[in-house]
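In: Structure of the sequence below:
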Amino acid sequence: MAKVLCTSDIHLDSPFAELSPEEQKVRRESLRNIFSKIIDIANEEKVDALLITGDIFDSYPIRPETLDSFFRDICRAKTKVFITPGNHDPYTAESPYRTLSFPENVHLFTESKLTPVELPECKLRIFGAAHPSPWFDDRIMSGFKVPDDDFTNIVMIHSELNCTEKYCPVSVDEIAACGADYVNVGHIHIPTEILKAGNTYYAYCGCPECRNFKDGRDSGIYIGEVGRGYVNLTHRRISDYCYRDETVNTNEYPDIVSALPTPFKHEYLRLTLVGESESIDTDTLKEKLLETYEEVTIYDRTTLPRDIWEGLSDEGLRGVFLRKMKAQLDSCEDETEKKKILLAAKLGIDAMENREI
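Out: Numbers count the residues shown, from 1 in each chain. Take a look at the predicted model:
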């Protein structure tokens with residue numbers, strides 16, 4: 001049994017092009033801090049191995065201060081560290097990895113085929129491979145199988161599962177056939193649950209800190225135990241940054257602010273308003289939300305209120321439908337049922353007019 005911390009896709013030196021120069025600097029520093037925090041957690045939790053499965057860096061060249069910060073932190077690690085270069089930080093002739101003299105406890109996978117490193121003290125064997133370029137078509141797990149012995153076997157791959165090209169293509173069937181106990185997958189930034197193919201567990205650990213709305217909300221790391229046929233990993237959120245997409249129906253929540261959950265310390269909000277409304281002062285709403293959110297974008301998709309019974313005398317399907325719904329409403333005495341009938345009438349008309357429901 002071995003205790004491991006799994007992470008990937010930190011993307012140090014991300015440009016954050018959509019932000020102001022001042023905000024860009026803050027966010028790049030935040031990514032450096034999150035990597036430092038990962039090292040702290042690995043040390044505090046006394047893990048047997050820290051697995052970093054690709055894209056530590058966002059692109060080349062790297063700012064000197066970023067490379068210095070990374071190297072200082074990696075040298076603080078008190079555990080074994082394993083790094084597999086990904087498509088954003090491939091092991092090329094220009095790779096900054098070539099300029100660094102890592103301490104003995106840090107192993108950088110440099111070959112473009114899966115190679116093993118053994119930790120006899122905890123009966124752990126780790127396989128990894130490096131992207132030799134941003135585009136890497138080799139099927140490194142085709143026909144791959146781990147040794148059949150009493151070691152726990154973990155495979156580190158930076159891959160878009162079930163793709164056919166570009167990003168180290170690996171199929172779930174190949175994972176099932178490899179015989180490993182756990183496959184830690186990098187490249188996709190949104191973490192998955194711990195999945196299983198055959199007798200092999202696998203998961204995308206996701207990025208430790210979200211950088212945009214595409215990264216979702218559940219950034220973090222996986223940490224826990226892996227053994228022969230056994231995986232007990234827990235996803236842990238470690239960042240204060242979060243990107244949230246929310247849609248609020250103004251018919252149901254006239255007080256829009258109260259309909260939103262309590263934000264994180266640094267949360268970016270993209271808010272879409274739907275329903276019916278005379279007018280919404282989005283500037284005032286945004287000003288209010290900026291008291292608690294890092295940044296706010298509002299899309300007003302509301303429509304003007306209308307009388308759903310205005311077509312009551314129509315001769316077509318619309319009129320027939322409305323007259324039946326109106327008759328039900330007039331004969332109903334239960335207030336809850338009346339609300340249901342009104343909603344059914346509105347949704348029916350919206351459907352007939354091809355409106356968004």
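In: any idea of the mean pLDDT in stretch 116-124?
Out: Regarding stretch 116-124, the rounded mean pLDDT is 96.
In: show me where this protein has helices.
Out: Taking DSSP state H as the criterion, the chain carries its helices at 21-44, 64-76, 172-178, 282-289, 317-331, 335-352.
In: Distance from the chain centre to the longest one, please.
Out: Which is helix 21-44. 17 Å (CA atoms, centre = their mean, to the nearest Å).
In: Residues touching that helix, excluding its own?
Out: With CB atoms under 8 Å, 6 or more residues apart in numbering as the test, helix 21-44 has contacts from 5, 7, 10-17, 19, 50, 56, 63, 66, 69-70, 73-74, 76-79, 81, 208-209, 211, 221, 223, 238-239, 241. In this view, the C-beta of every residue, glycine as well, is placed from N, C-alpha and C.
In: Now do Thr234 against Thr303, distance only.
Out: Here Thr234 is placed at a distance of 45 Å from Thr303 (CB to CB, to the nearest Å).
In: Sorry, slip of the keys, the one I care about is Ile157.
Out: Ile157 is 48 Å from Thr303, by CB to CB.
In: quick one, which of these two is more surrounded?
Out: Between Ile157 and Thr303, counting by other CB atoms under 10 Å, Ile157 is the more crowded of the two (28 against 14).
In: residues touching that one, list them.
Out: Counting by CB under 8 Å, 6+ apart, Ile157 touches 53, 84, 114, 128-129, 140-141, 168, 170, 183-186.
In: give me that answer again for 6 Å
Out: The neighbourhood of Ile157, defined by CB atoms under 6 Å, 6 or more residues apart in numbering, consists of 170, 185.
In: That one pairs with what?
Out: For Ile157, the beta-bridge partners under DSSP bridges are Val185.
In: In CSV: the helices of the chain, plus mean pLDDT.
Out: Formatted as CSV, those follow (pLDDT from 0 to 100):
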stretch, mean pLDDT
helix 21-44, 97
helix 64-76, 97
helix 172-178, 97
helix 282-289, 95
helix 317-331, 91
helix 335-352, 86
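In: Buried deepest among those, which one?
Out: helix 172-178 (a mean of 19; mean count of other CB atoms under 10 Å).
In: could I have that one exported to PDB, CA atoms only?
Out: Output in PDB follows, covering the C-alpha atoms of helix 172-178 (Å, rounded to 0.1, in the frame of the first residue of the first chain):
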ATOM      1  CA  VAL A 172     -10.200   2.800 -22.100                       C
ATOM      2  CA  ASP A 173      -9.900  -0.800 -23.400                       C
ATOM      3  CA  GLU A 174      -6.100  -0.300 -23.400                       C
ATOM      4  CA  ILE A 175      -6.300   0.800 -19.700                       C
ATOM      5  CA  ALA A 176      -8.400  -2.300 -18.900                       C
ATOM      6  CA  ALA A 177      -5.800  -4.500 -20.600                       C
ATOM      7  CA  CYS A 178      -2.700  -3.000 -19.000                       C
END
